[in-house]
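Colleague: okay, structure incoming, though there's no sequence with it:
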């Protein structure tokens, strides 16, 4: 099999069970599974490109033996824009009901079971009711003015999960990805609306960074924060295996990407800032640059530098007046020197990266920004 840099797919999260998955140091997915089993509601967040979608997929895969796990992708449902809480819960209920119906058809075909046969008409009616309700919710609805009360949407979600539980003979677990890309106040309204109303259902949600650092989520659940990986030690071992797995086992030139000049390898890891997506993007772009110039996938200094400059372009465009001074002042601190709104904006724009260093949390300017924007 011939290697192509596009197999690295920097912007493509892995699906549950994908053999290319690499477990993060301290086995984050397993830790979240344990929290699900003990607490039933788990929230987590992290910067763009850190691997949230891949991790929630790994959690869904790990739960499959003792939970009826359904993975939902809120960011792939265009009707959630503009995002409204009632519509979002109705969408969740519809997706779970559809999943239950598909499972019921399989059970009926495999076992000729009366339970599935009796359930299918009721599930189809539930789906019709939810679809009708979705169409009735106006674009600019609010929790208080929607023709469908949030309580009714939650009730239908419970009904859909009840069917799911009966068919799988397992406790349902809903894993909701993509909420971090939606309005933070709306996401908080959903979490508050579901609080205490799903007694027999586990819930795992990726939430906006704004909520992860806000005290108003304290009563819901302490969020897990996915941070950038260290670019030394265990972190480098993870990043190296990530490239090898994404490149594809057996690819002729896959390992060649990591067997070039050691200084280039070290610089690639360092410039990524420990963000998996940024690492994959750097390697992909540098490999293409190398092929264009030398007909080989192994990049030299110039190939990597051009890839870094390209990656820095988006960060530079996100900066506003005064950001250079802010970044220089906050680099290598605990981050408290900035007001929360500014700090969140700099994180969201990939200008700042937060690390765990020993017992401390340290904020650093993204290495690409430091190299190509601040120097």
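Modeller: Cool, got the structure. For clarity, every value in this text was computed on a predicted model and none was experimentally measured.

Colleague: shouldn't residue 63 be in contact with residue 71?
Modeller: No: counting by Cβ atoms under 8 Å, residue 63 stays clear of residue 71, with 9.7 Å between them. Yep, even glycine has a C-beta here, placed from its N, CA and C like the rest.

Colleague: who touches both of those two?
Modeller: residue 175 (Cβ atoms under 8 Å, 6 or more residues apart in numbering).

Colleague: mind listing what's buried along stretch 96-108?
Modeller: For stretch 96-108, a neighbour-count test (16 or more other Cβ atoms under 10 Å) marks 96-101, 103-104, 107-108 as buried.

Colleague: could you dump those residues into CSV and include secondary structure, pLDDT and distance to residue 306?
Modeller: Formatted as CSV, the buried residues of stretch 96-108 follow (DSSP: H, G, I helix; E, B strand; the rest coil; pLDDT from 0 to 100; distance: Cβ to Cβ, whole Å):
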residue, secondary structure, pLDDT, distance to residue 306
96, helix, 95, 47
97, helix, 94, 50
98, helix, 93, 46
99, helix, 91, 45
100, helix, 89, 51
101, helix, 88, 51
103, helix, 84, 50
104, helix, 81, 54
107, helix, 71, 55
108, helix, 64, 58
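
Colleague: looking at those, which is nearest residue 242?
Modeller: residue 99 (30.3 Å; Cβ to Cβ).

Colleague: ok, for that closest one, nearest residue in space, not its chain neighbours?
Modeller: residue 70 (5.2 Å; Cβ to Cβ, 6 or more residues apart in numbering).

Colleague: surely the one you found is in a strand?
Modeller: Yes: under DSSP: H, G, I helix; E, B strand; the rest coil, residue 70 falls within a strand.

Colleague: domains in the chain, as residue ranges please.
Modeller: 26-225, 234-374 (automatic domain parsing).

Colleague: quick check: residue 230 touching residue 355?
Modeller: Yes: under the criterion of Cβ under 8 Å, residue 230 makes contact with residue 355 at 6.7 Å.

Colleague: intersection of neighbour lists for these two?
Modeller: Common neighbours of residue 230 and residue 355 (Cβ under 8 Å, 6+ apart) are residue 274.

Colleague: quick one on the thing from earlier: quick one: which of residue 63 and residue 71 has more around it?
Modeller: Taking other Cβ atoms under 10 Å, residue 63 and residue 71 do not tie; residue 63 has more neighbours (24 against 21).

Colleague: do you know the pLDDT at the more buried one?
Modeller: On pLDDT, residue 63 comes in at 94.

Colleague: also residue 259?
Modeller: Confidence score, pLDDT, at residue 259: 57.

Colleague: one step back: from the buried residues of stretch 96-108, pick the one nearest residue 174.
Modeller: Using Cβ to Cβ, these come closest to residue 174 at residue 96, 6.8 Å.

Colleague: which of the buried residues of stretch 96-108 sit farthest apart?
Modeller: 96 and 108 (18.5 Å).

Colleague: helices along the stretch 51-200 of the chain, start to end?
Modeller: 52-63, 85-111, 114-136, 150-168, 184-194 (DSSP state H, counting those that start in this stretch).

Colleague: just how off-centre is the fourth one within its chain?
Modeller: Between the centre of helix 150-168 and the centre of its host chain there is 25 Å, according to Cα atoms, centre = their mean, to the nearest Å.

Colleague: now do the longest one
Modeller: Its chain's C-alpha centre and that of helix 85-111 lie 23 Å apart, by Cα atoms, centre = their mean.

Colleague: follow-up on the earlier one: export the domains of the chain as TSV, with columns for distance to residue 12.
Modeller: As requested, the domains of the chain are exported to TSV (distance: least, Cβ to Cβ, whole Å):
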stretch	distance to residue 12
domain 26-225	9
domain 234-374	9
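
Colleague: how about these, which one is nearest residue 7?
Modeller: Across the domains of the chain, closest to residue 7 is domain 234-374 (Cβ to Cβ), at 5.3 Å.

Colleague: just grab the bridge partners of the residue nearest to residue 99 for me.
Modeller: When bridges are called by DSSP bridges, residue 70 pairs up with residue 174.

Colleague: what is the neighbour count of residue 60?
Modeller: Residue 60: 24 neighbours (other Cβ under 10 Å).
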